[in-house]
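Novice: got a predicted model here, sequence first, then my questions.
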Amino acid sequence: MKIKQFKDEPLAHYSYALISNGEMAVIDPARNPKQYYKFAEEHQAKIIAVFETHPHADFVSSHLQIQEETGATIYISKKVGVSYPHTSFDEGQNLKIGNTLITALHTPGHSPDSLTFVAKEGEKTVLFTGDTLFIGNVGRPDLREKAGNMKAKRVELAKQMYQTMQTKFTDLPDDAIVYPAHGAGSLCGKNMSDAASSTLGNERQGNWAFKDQTEAEFVEEILKDQPFIPSYFGFNVEINRNGALNVQKAKYEVPLHLHVDKLEEQVLVVDSRDEKAYKKGHLPNSINIMARDKSDKYETWLGAIVKPEEEFYLVAESVEEIDELLERTAKIGYEKQMKGIVTLSVKVSGKSADFDLAEFKANKANYTIVDIRNNSEVEEGKIFDSAKAIPLNELRERAEELPKDKPFVVHCAGGYRSAAGSSILENKFQNQKVYDLSDAIKEFKE
(Lines give C-alpha, C1' and ligand atoms only; values in the text may rest on other atoms or scores of the structure.)
Protein backbone atom coordinates (compact mmCIF):
# COMPACT_ATOMS: atom_id res chain seq x y z
CA MET A 1 0.00 0.00 0.00
CA LYS A 2 1.07 3.56 -0.73
CA ILE A 3 0.07 6.29 1.71
CA LYS A 4 0.19 10.05 1.20
CA GLN A 5 -0.22 12.45 4.11
CA PHE A 6 -1.69 15.89 3.35
CA LYS A 7 -1.27 18.73 5.85
CA ASP A 8 -3.45 21.80 6.26
CA GLU A 9 -1.00 24.05 8.06
CA PRO A 10 -3.30 26.68 9.65
CA LEU A 11 -5.54 24.01 11.22
CA ALA A 12 -2.73 21.50 11.82
CA HIS A 13 -4.98 18.93 10.12
CA TYR A 14 -3.69 15.73 8.55
CA SER A 15 -5.68 13.81 5.95
CA TYR A 16 -4.62 10.75 4.00
CA ALA A 17 -4.86 8.86 0.76
CA LEU A 18 -4.21 5.12 0.65
CA ILE A 19 -3.65 3.35 -2.67
CA SER A 20 -3.40 -0.40 -3.25
CA ASN A 21 -3.65 -2.23 -6.55
CA GLY A 22 -5.28 0.66 -8.38
CA GLU A 23 -7.89 1.44 -5.71
CA MET A 24 -7.77 4.44 -3.41
CA ALA A 25 -9.33 5.45 -0.11
CA VAL A 26 -9.33 8.92 1.46
CA ILE A 27 -9.27 9.29 5.25
CA ASP A 28 -10.63 12.38 7.05
CA PRO A 29 -10.55 14.64 3.96
CA ALA A 30 -10.30 18.44 4.07
CA ARG A 31 -13.01 20.68 2.59
CA ASN A 32 -11.52 20.88 -0.92
CA PRO A 33 -10.99 17.39 -2.41
CA LYS A 34 -8.95 18.52 -5.43
CA GLN A 35 -5.64 17.43 -3.89
CA TYR A 36 -6.92 13.87 -3.50
CA TYR A 37 -8.21 13.81 -7.08
CA LYS A 38 -4.81 14.94 -8.31
CA PHE A 39 -3.05 12.22 -6.31
CA ALA A 40 -5.41 9.56 -7.67
CA GLU A 41 -4.86 10.79 -11.21
CA GLU A 42 -1.07 10.75 -10.81
CA HIS A 43 -1.21 7.11 -9.71
CA GLN A 44 -3.97 6.01 -12.08
CA ALA A 45 -6.09 4.97 -9.13
CA LYS A 46 -9.86 4.97 -8.64
CA ILE A 47 -11.22 6.52 -5.44
CA ILE A 48 -13.64 3.94 -4.06
CA ALA A 49 -13.89 4.83 -0.36
CA VAL A 50 -13.93 7.73 2.08
CA PHE A 51 -13.31 6.85 5.74
CA GLU A 52 -14.40 9.25 8.47
CA THR A 53 -12.97 8.61 11.94
CA HIS A 54 -15.65 10.86 13.52
CA PRO A 55 -17.63 14.05 12.75
CA HIS A 56 -14.90 16.67 12.99
CA ALA A 57 -15.29 19.84 15.03
CA ASP A 58 -12.50 22.03 13.67
CA PHE A 59 -12.95 21.71 9.91
CA VAL A 60 -15.54 20.78 7.32
CA SER A 61 -14.98 17.49 5.51
CA SER A 62 -15.49 16.90 1.79
CA HIS A 63 -16.74 13.33 2.21
CA LEU A 64 -20.11 14.01 0.61
CA GLN A 65 -18.61 15.92 -2.31
CA ILE A 66 -16.13 13.11 -2.97
CA GLN A 67 -18.97 10.61 -2.98
CA GLU A 68 -20.99 12.72 -5.42
CA GLU A 69 -18.05 13.31 -7.78
CA THR A 70 -16.35 9.90 -7.73
CA GLY A 71 -19.04 7.44 -6.67
CA ALA A 72 -16.96 6.44 -3.65
CA THR A 73 -18.68 4.93 -0.62
CA ILE A 74 -18.53 6.80 2.69
CA TYR A 75 -17.67 4.58 5.67
CA ILE A 76 -18.53 5.96 9.11
CA SER A 77 -19.74 4.59 12.43
CA LYS A 78 -23.47 4.03 12.79
CA LYS A 79 -23.12 5.77 16.18
CA VAL A 80 -22.76 9.11 14.34
CA GLY A 81 -26.33 8.80 13.07
CA VAL A 82 -25.89 10.40 9.63
CA SER A 83 -28.68 10.54 7.05
CA TYR A 84 -26.62 10.96 3.87
CA PRO A 85 -25.86 7.82 1.77
CA HIS A 86 -23.18 5.80 3.51
CA THR A 87 -22.19 2.36 4.73
CA SER A 88 -21.97 1.85 8.48
CA PHE A 89 -18.52 0.67 9.47
CA ASP A 90 -17.89 -0.36 13.05
CA GLU A 91 -15.72 -2.55 15.21
CA GLY A 92 -15.33 -6.07 13.81
CA GLN A 93 -16.10 -5.03 10.24
CA ASN A 94 -13.47 -4.93 7.53
CA LEU A 95 -13.07 -3.94 3.90
CA LYS A 96 -10.49 -4.51 1.18
CA ILE A 97 -8.93 -1.57 -0.69
CA GLY A 98 -6.96 -3.37 -3.37
CA ASN A 99 -4.77 -5.75 -1.37
CA THR A 100 -5.06 -3.75 1.87
CA LEU A 101 -7.43 -4.93 4.60
CA ILE A 102 -9.07 -2.08 6.53
CA THR A 103 -10.54 -2.94 9.94
CA ALA A 104 -12.48 -0.64 12.25
CA LEU A 105 -11.80 -0.23 15.96
CA HIS A 106 -14.27 1.67 18.16
CA THR A 107 -12.03 4.07 20.10
CA PRO A 108 -14.29 6.47 22.04
CA GLY A 109 -12.99 9.28 24.23
CA HIS A 110 -12.60 12.31 22.01
CA SER A 111 -16.15 11.62 20.89
CA PRO A 112 -18.45 8.69 21.64
CA ASP A 113 -18.43 7.65 17.97
CA SER A 114 -14.68 7.78 17.21
CA LEU A 115 -13.11 5.06 15.10
CA THR A 116 -9.52 4.07 14.43
CA PHE A 117 -8.88 2.39 11.08
CA VAL A 118 -6.30 -0.41 11.01
CA ALA A 119 -4.79 -0.98 7.55
CA LYS A 120 -2.79 -4.17 6.93
CA GLU A 121 -1.02 -5.40 3.85
CA GLY A 122 1.63 -8.07 4.15
CA GLU A 123 3.80 -7.34 7.18
CA LYS A 124 2.87 -3.65 7.29
CA THR A 125 0.31 -2.23 9.72
CA VAL A 126 -0.88 1.38 9.68
CA LEU A 127 -3.25 3.07 12.13
CA PHE A 128 -5.37 6.04 11.14
CA THR A 129 -6.22 7.22 14.64
CA GLY A 130 -8.27 10.35 13.93
CA ASP A 131 -8.55 12.48 17.08
CA THR A 132 -8.11 9.53 19.44
CA LEU A 133 -4.35 8.98 19.51
CA PHE A 134 -2.11 11.91 18.68
CA ILE A 135 1.67 11.93 18.68
CA GLY A 136 2.54 12.47 22.33
CA ASN A 137 -1.03 12.85 23.57
CA VAL A 138 -4.69 11.96 23.01
CA GLY A 139 -7.74 13.89 21.85
CA ARG A 140 -9.60 16.15 24.23
CA PRO A 141 -12.88 14.78 25.67
CA ASP A 142 -14.78 18.05 26.12
CA LEU A 143 -16.00 18.88 22.60
CA ARG A 144 -19.27 16.95 22.58
CA GLU A 145 -21.02 18.63 25.46
CA LYS A 146 -24.56 19.92 25.18
CA ALA A 147 -26.85 21.67 27.65
CA GLY A 148 -27.16 19.90 30.95
CA ASN A 149 -24.47 18.44 33.17
CA MET A 150 -21.42 19.66 31.28
CA LYS A 151 -18.85 18.25 33.69
CA ALA A 152 -20.43 14.80 33.74
CA LYS A 153 -20.22 14.55 29.94
CA ARG A 154 -16.54 15.37 29.73
CA VAL A 155 -15.76 13.05 32.63
CA GLU A 156 -17.71 10.26 30.95
CA LEU A 157 -15.74 10.69 27.71
CA ALA A 158 -12.46 10.96 29.62
CA LYS A 159 -13.23 7.59 31.23
CA GLN A 160 -14.01 6.15 27.80
CA MET A 161 -10.64 7.40 26.55
CA TYR A 162 -8.96 5.68 29.48
CA GLN A 163 -10.56 2.38 28.51
CA THR A 164 -9.61 2.96 24.87
CA MET A 165 -5.97 3.48 25.76
CA GLN A 166 -5.98 0.50 28.12
CA THR A 167 -7.62 -2.00 25.77
CA LYS A 168 -7.98 -1.03 22.10
CA PHE A 169 -4.35 -1.00 20.95
CA THR A 170 -3.11 -3.93 23.03
CA ASP A 171 -2.99 -6.54 20.26
CA LEU A 172 -1.40 -4.31 17.64
CA PRO A 173 2.34 -4.51 16.86
CA ASP A 174 4.95 -2.01 18.05
CA ASP A 175 5.98 -1.27 14.46
CA ALA A 176 2.46 -0.18 13.47
CA ILE A 177 2.67 3.34 12.05
CA VAL A 178 0.46 5.92 13.77
CA TYR A 179 -1.12 8.54 11.51
CA PRO A 180 -3.26 11.04 13.49
CA ALA A 181 -5.73 13.61 12.15
CA HIS A 182 -3.93 16.51 13.87
CA GLY A 183 -0.55 17.74 15.01
CA ALA A 184 0.83 20.53 17.18
CA GLY A 185 -1.23 23.71 16.87
CA SER A 186 -4.64 22.04 16.72
CA LEU A 187 -7.25 22.85 19.36
CA CYS A 188 -8.49 19.24 19.28
CA GLY A 189 -5.91 18.33 21.89
CA LYS A 190 -3.07 19.71 24.02
CA ASN A 191 0.69 19.37 24.13
CA MET A 192 0.94 17.45 20.86
CA SER A 193 4.25 16.71 19.21
CA ASP A 194 5.11 18.48 15.98
CA ALA A 195 5.98 15.08 14.50
CA ALA A 196 3.65 14.03 11.67
CA SER A 197 3.66 10.33 12.53
CA SER A 198 5.09 7.81 14.97
CA THR A 199 5.05 4.11 15.73
CA LEU A 200 2.80 2.46 18.26
CA GLY A 201 5.90 1.26 20.09
CA ASN A 202 7.22 4.79 20.46
CA GLU A 203 3.85 5.99 21.72
CA ARG A 204 3.65 3.17 24.24
CA GLN A 205 6.98 4.35 25.62
CA GLY A 206 6.62 8.12 25.37
CA ASN A 207 2.92 9.02 25.38
CA TRP A 208 1.62 9.68 28.91
CA ALA A 209 -1.76 8.15 28.04
CA PHE A 210 -0.21 4.67 27.75
CA LYS A 211 1.44 4.84 31.17
CA ASP A 212 0.33 2.59 34.01
CA GLN A 213 -2.14 4.76 35.94
CA THR A 214 -5.52 4.64 37.57
CA GLU A 215 -8.66 5.84 35.83
CA ALA A 216 -8.87 8.76 38.27
CA GLU A 217 -5.28 9.82 37.54
CA PHE A 218 -5.93 9.62 33.79
CA VAL A 219 -9.15 11.64 34.00
CA GLU A 220 -7.50 14.35 36.08
CA GLU A 221 -4.63 14.71 33.62
CA ILE A 222 -6.67 14.70 30.41
CA LEU A 223 -9.13 17.33 31.69
CA LYS A 224 -6.40 19.63 32.97
CA ASP A 225 -5.38 22.73 30.99
CA GLN A 226 -7.33 21.98 27.82
CA PRO A 227 -7.42 24.94 25.39
CA PHE A 228 -10.54 27.02 24.79
CA ILE A 229 -13.32 25.78 22.52
CA PRO A 230 -13.95 28.07 19.52
CA SER A 231 -17.54 29.04 18.77
CA TYR A 232 -17.59 27.18 15.49
CA PHE A 233 -16.70 23.69 16.77
CA GLY A 234 -20.25 22.49 17.46
CA PHE A 235 -21.38 24.11 14.21
CA ASN A 236 -18.83 22.11 12.22
CA VAL A 237 -19.83 18.85 13.90
CA GLU A 238 -23.38 19.39 12.65
CA ILE A 239 -22.22 20.32 9.14
CA ASN A 240 -20.17 17.14 8.98
CA ARG A 241 -23.05 15.05 10.27
CA ASN A 242 -25.27 16.43 7.50
CA GLY A 243 -22.66 16.62 4.73
CA ALA A 244 -21.30 19.90 3.36
CA LEU A 245 -22.08 21.65 0.09
CA ASN A 246 -19.75 21.27 -2.88
CA VAL A 247 -16.94 23.65 -1.97
CA GLN A 248 -16.47 25.11 -5.45
CA LYS A 249 -20.16 25.95 -5.74
CA ALA A 250 -20.28 27.32 -2.20
CA LYS A 251 -17.26 29.60 -2.66
CA TYR A 252 -18.37 31.17 -5.89
CA GLU A 253 -21.84 31.98 -4.66
CA VAL A 254 -20.27 34.64 -2.43
CA PRO A 255 -20.78 38.09 -4.02
CA LEU A 256 -17.70 40.09 -4.99
CA HIS A 257 -17.49 43.90 -4.58
CA LEU A 258 -14.42 45.88 -5.68
CA HIS A 259 -13.08 49.27 -4.49
CA VAL A 260 -15.64 49.63 -1.72
CA ASP A 261 -15.64 52.70 0.51
CA LYS A 262 -18.76 51.92 2.57
CA LEU A 263 -20.97 48.99 3.58
CA GLU A 264 -24.01 48.59 5.82
CA GLU A 265 -22.64 49.73 9.16
CA GLN A 266 -24.68 47.21 11.16
CA VAL A 267 -22.95 44.28 9.41
CA LEU A 268 -19.66 43.00 10.78
CA VAL A 269 -16.58 43.38 8.57
CA VAL A 270 -13.68 40.93 8.88
CA ASP A 271 -10.54 42.56 7.51
CA SER A 272 -7.89 39.99 6.61
CA ARG A 273 -5.13 42.44 5.65
CA ASP A 274 -1.87 43.01 7.44
CA GLU A 275 -2.27 45.10 10.58
CA LYS A 276 -0.24 48.01 9.15
CA ALA A 277 -2.58 48.35 6.17
CA TYR A 278 -5.59 47.97 8.45
CA LYS A 279 -4.47 50.73 10.82
CA LYS A 280 -3.96 53.16 7.93
CA GLY A 281 -7.53 52.77 6.72
CA HIS A 282 -10.47 50.45 7.33
CA LEU A 283 -14.26 50.31 7.30
CA PRO A 284 -16.43 50.87 10.39
CA ASN A 285 -17.32 47.81 12.47
CA SER A 286 -14.20 45.97 11.31
CA ILE A 287 -12.22 43.25 13.08
CA ASN A 288 -8.66 42.69 11.86
CA ILE A 289 -8.18 38.91 11.61
CA MET A 290 -5.05 38.64 9.52
CA ALA A 291 -4.66 36.00 6.80
CA ARG A 292 -1.31 37.01 5.31
CA ASP A 293 0.05 33.49 4.92
CA LYS A 294 -0.44 29.95 6.23
CA SER A 295 1.31 30.73 9.51
CA ASP A 296 -1.59 33.01 10.45
CA LYS A 297 -4.32 31.11 12.29
CA TYR A 298 -7.05 32.92 10.36
CA GLU A 299 -9.48 29.98 10.31
CA THR A 300 -9.28 29.35 14.04
CA TRP A 301 -9.71 32.99 15.04
CA LEU A 302 -12.44 33.65 12.51
CA GLY A 303 -14.39 30.76 14.03
CA ALA A 304 -13.54 31.85 17.59
CA ILE A 305 -14.49 35.53 17.22
CA VAL A 306 -17.33 35.42 14.68
CA LYS A 307 -20.32 33.33 15.68
CA PRO A 308 -21.75 30.61 13.44
CA GLU A 309 -24.37 32.08 11.09
CA GLU A 310 -23.40 35.67 11.99
CA GLU A 311 -23.33 37.71 8.78
CA PHE A 312 -20.10 39.44 7.76
CA TYR A 313 -18.22 40.95 4.87
CA LEU A 314 -14.64 39.85 4.23
CA VAL A 315 -11.97 42.33 3.14
CA ALA A 316 -9.14 41.12 0.89
CA GLU A 317 -5.92 43.01 0.21
CA SER A 318 -6.27 42.43 -3.54
CA VAL A 319 -8.20 40.40 -6.09
CA GLU A 320 -5.29 37.96 -6.23
CA GLU A 321 -6.07 36.84 -2.67
CA ILE A 322 -9.81 36.35 -3.07
CA ASP A 323 -9.78 32.69 -4.07
CA GLU A 324 -7.44 31.71 -1.24
CA LEU A 325 -9.51 33.65 1.31
CA LEU A 326 -12.72 31.99 0.16
CA GLU A 327 -10.97 28.62 0.40
CA ARG A 328 -9.79 29.30 3.94
CA THR A 329 -13.17 30.61 5.06
CA ALA A 330 -14.94 27.58 3.57
CA LYS A 331 -12.73 25.23 5.59
CA ILE A 332 -14.84 26.04 8.66
CA GLY A 333 -18.15 26.34 6.81
CA TYR A 334 -18.43 30.13 7.14
CA GLU A 335 -18.87 30.88 3.44
CA LYS A 336 -22.67 30.70 3.71
CA GLN A 337 -22.85 33.60 6.17
CA MET A 338 -20.69 35.92 4.07
CA LYS A 339 -22.58 38.86 2.58
CA GLY A 340 -19.67 39.46 0.24
CA ILE A 341 -15.93 39.57 -0.23
CA VAL A 342 -14.56 43.04 -0.98
CA THR A 343 -11.49 45.07 -1.82
CA LEU A 344 -11.27 48.60 -0.43
CA SER A 345 -11.19 52.01 -2.02
CA VAL A 346 -8.44 54.43 -1.04
CA LYS A 347 -11.26 56.60 0.31
CA VAL A 348 -11.89 54.47 3.43
CA SER A 349 -11.47 56.79 6.38
CA GLY A 350 -11.27 54.66 9.51
CA LYS A 351 -7.82 54.85 11.10
CA SER A 352 -6.30 53.37 14.24
CA ALA A 353 -4.52 55.54 16.77
CA ASP A 354 -0.73 55.81 16.44
CA PHE A 355 1.00 54.17 19.37
CA ASP A 356 3.86 55.91 21.17
CA LEU A 357 5.83 53.01 22.62
CA ALA A 358 8.27 55.22 24.51
CA GLU A 359 5.40 57.07 26.20
CA PHE A 360 3.83 53.76 27.21
CA LYS A 361 7.09 52.46 28.66
CA ALA A 362 7.49 55.61 30.74
CA ASN A 363 3.89 55.86 31.93
CA LYS A 364 2.28 52.42 31.95
CA ALA A 365 -0.02 53.43 34.82
CA ASN A 366 -1.76 55.88 32.48
CA TYR A 367 -3.20 53.01 30.41
CA THR A 368 -5.61 50.13 30.92
CA ILE A 369 -3.60 47.17 29.70
CA VAL A 370 -5.75 44.37 28.27
CA ASP A 371 -4.22 40.88 28.14
CA ILE A 372 -6.12 38.82 25.54
CA ARG A 373 -4.09 35.64 25.85
CA ASN A 374 -5.84 32.36 26.68
CA ASN A 375 -6.51 31.58 30.35
CA SER A 376 -3.82 28.89 30.41
CA GLU A 377 -1.25 31.41 29.19
CA VAL A 378 -2.22 33.95 31.81
CA GLU A 379 -2.04 31.32 34.55
CA GLU A 380 1.60 30.75 33.63
CA GLY A 381 2.28 34.38 34.48
CA LYS A 382 1.18 37.90 33.62
CA ILE A 383 3.45 40.10 31.52
CA PHE A 384 2.02 43.24 33.14
CA ASP A 385 0.84 42.89 36.74
CA SER A 386 -1.89 45.49 36.29
CA ALA A 387 -3.34 43.98 33.11
CA LYS A 388 -7.03 43.08 32.82
CA ALA A 389 -7.24 39.58 31.35
CA ILE A 390 -10.02 38.65 28.92
CA PRO A 391 -9.30 35.93 26.33
CA LEU A 392 -9.66 37.10 22.73
CA ASN A 393 -12.45 34.64 21.99
CA GLU A 394 -14.52 36.23 24.80
CA LEU A 395 -13.60 39.88 24.21
CA ARG A 396 -16.60 40.92 22.12
CA GLU A 397 -18.99 39.72 24.84
CA ARG A 398 -16.98 40.87 27.87
CA ALA A 399 -15.49 44.19 26.76
CA GLU A 400 -17.94 46.13 28.98
CA GLU A 401 -16.17 44.66 32.02
CA LEU A 402 -13.18 46.89 31.29
CA PRO A 403 -12.75 50.26 33.06
CA LYS A 404 -13.20 53.19 30.71
CA ASP A 405 -11.19 55.91 32.44
CA LYS A 406 -7.92 55.45 30.51
CA PRO A 407 -6.75 54.62 26.99
CA PHE A 408 -6.47 50.90 26.25
CA VAL A 409 -3.32 49.01 25.28
CA VAL A 410 -4.00 45.49 24.02
CA HIS A 411 -1.43 42.72 24.03
CA CYS A 412 -1.14 38.99 23.37
CA ALA A 413 1.94 36.74 23.37
CA GLY A 414 3.49 37.58 20.02
CA GLY A 415 1.49 40.28 18.25
CA TYR A 416 -0.90 38.42 15.95
CA ARG A 417 -3.97 38.27 18.19
CA SER A 418 -3.64 41.81 19.51
CA ALA A 419 -4.51 43.16 16.05
CA ALA A 420 -7.91 41.51 16.36
CA GLY A 421 -8.30 42.43 20.03
CA SER A 422 -7.53 46.11 19.58
CA SER A 423 -9.90 46.34 16.60
CA ILE A 424 -12.69 44.80 18.70
CA LEU A 425 -12.20 47.44 21.39
CA GLU A 426 -12.04 50.21 18.78
CA ASN A 427 -15.56 49.19 17.76
CA LYS A 428 -16.81 48.99 21.35
CA PHE A 429 -15.28 52.24 22.60
CA GLN A 430 -15.29 54.65 19.69
CA ASN A 431 -14.71 57.72 21.88
CA GLN A 432 -11.65 56.28 23.58
CA LYS A 433 -8.11 55.65 22.36
CA VAL A 434 -7.24 52.01 21.74
CA TYR A 435 -3.64 50.98 21.02
CA ASP A 436 -2.19 47.72 19.77
CA LEU A 437 1.08 46.76 21.43
CA SER A 438 1.59 44.33 18.53
CA ASP A 439 4.98 42.60 18.34
CA ALA A 440 6.50 45.15 20.73
CA ILE A 441 5.23 42.81 23.45
CA LYS A 442 8.47 40.89 22.97
CA GLU A 443 10.35 43.78 24.62
CA PHE A 444 8.42 43.19 27.86
CA LYS A 445 8.73 39.41 28.08
CA GLU A 446 11.44 37.92 30.23
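Specialist: It's in. Numbers count the residues shown, from 1 in each chain.
Novice: what's next to the least confident helix or strand in the chain by mean pLDDT, contact-wise?
Specialist: Across the helices and strands of the chain, mean pLDDT, DSSP states H and E gives its lowest value to helix 150-167, namely a mean of 90. By CB atoms under 8 Å, 6 or more residues apart in numbering, the list of residues contacting helix 150-167 from outside reads 107-112, 132-133, 138-139, 141-142, 144-146, 209-210, 215, 218-219, 222-223. C-betas here are computed from N, CA, C, even on glycine.
Novice: list the buried residues in it.
Specialist: For helix 150-167, a neighbour-count test (16 or more other CB atoms under 10 Å) marks 153-162, 164-165 as buried.
Novice: list just the nearest of the residues you listed to residue 282.
Specialist: Checking those against residue 282 by CB to CB gives residue 154 as the nearest, at 39.6 Å.
Novice: could I get the full set of helices for this structure?
Specialist: For the chain, the helices defined by DSSP state H occupy 34-42, 63-70, 150-167, 200-206, 215-223, 232-242, 247-251, 275-280, 298-305, 322-330, 357-362, 375-379, 395-398, 416-428.
Novice: now the last one and helix 298-305, what's the angle there?
Specialist: The one in question is helix 416-428. 40 degrees (axes from the mean of the first three to the mean of the last three CA atoms, to 10 degrees).
Novice: can you check the fifth one too?
Specialist: Counting by the same axes, to 10 degrees, helix 215-223 points 100 degrees away from the direction of helix 298-305.
Novice: I would like the residues contacting helix 215-223, please.
Specialist: Contact with helix 215-223 is made by 138, 140-142, 154-155, 158-159, 161-162, 165, 208-209, 213, as judged by CB under 8 Å, 6+ apart.
Novice: with distance to residue 272 added, can I get these in a markdown table?
Specialist: Listed next are those as a markdown table, based on distance: CB to CB, whole Å:
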| residue | distance to residue 272 |
| --- | --- |
| 138 | 34 |
| 140 | 28 |
| 141 | 33 |
| 142 | 30 |
| 154 | 34 |
| 155 | 39 |
| 158 | 37 |
| 159 | 42 |
| 161 | 37 |
| 162 | 42 |
| 165 | 40 |
| 208 | 38 |
| 209 | 37 |
| 213 | 45 |
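Novice: contacting residues around the residue nearest to residue 348 when sequence neighbours are not counted?
Specialist: In this structure, residue 348 finds its nearest non-sequential neighbour in residue 281, 4.5 Å apart by CB to CB, 6 or more residues apart in numbering. Contacts for residue 281 (CB under 8 Å, 6+ apart) come out as 344, 346, 348-351.
Novice: mind listing which of the residues you listed are in strands?
Specialist: residue 344 (DSSP state E).
Novice: redo the contacts of residue 281 as JSON lines? Include distance to residue 198 and pLDDT.
Specialist: Listed next are the contacts of residue 281 as JSON lines, based on distance: CB to CB, whole Å; pLDDT from 0 to 100:
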{"residue": "344", "distance to residue 198": "46", "pLDDT": "97"}
{"residue": "346", "distance to residue 198": "52", "pLDDT": "91"}
{"residue": "348", "distance to residue 198": "49", "pLDDT": "91"}
{"residue": "349", "distance to residue 198": "53", "pLDDT": "83"}
{"residue": "350", "distance to residue 198": "49", "pLDDT": "88"}
{"residue": "351", "distance to residue 198": "50", "pLDDT": "93"}
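Novice: re earlier: now which of the contacts of helix 150-167 would you call buried?
Specialist: 107-112, 132-133, 138-139, 141-142, 144-145, 209-210, 218-219, 222-223.
Novice: which intervals of the stretch 101-250 of the chain have sub-threshold pLDDT?
Specialist: 145-152 (pLDDT under 70).
Novice: any idea how far residue 217 is from residue 182?
Specialist: Per CB to CB, to the nearest Å, residue 182 is found 24 Å from residue 217.
Novice: how many other residues sit next to residue 21?
Specialist: 13 (other CB atoms under 10 Å).
Novice: chain neighbours aside, what residue packs nearest to residue 94?
Specialist: residue 103 is the one closest to residue 94 (CB to CB, 6+ apart), at 4.4 Å.
Novice: mind listing the residues bridging to that neighbour?
Specialist: residue 94, residue 118 (DSSP bridges).
Novice: can you report how many residues neighbour it?
Specialist: 15.
Novice: so it touches residue 115, yeah?
Specialist: No: with contact defined as CB atoms under 8 Å, residue 103 does not count as touching residue 115 (10.0 Å).
Novice: looking at residue 182 and residue 217, which is more packed in?
Specialist: The residue with more neighbours, out of residue 182 and residue 217, is residue 182; 27 against 12, by other CB under 10 Å.
Novice: wait, the more buried one sits on residue 14?
Specialist: Yes: checked against CB under 8 Å, the pair residue 182 and residue 14 is within contact range at 6.4 Å.
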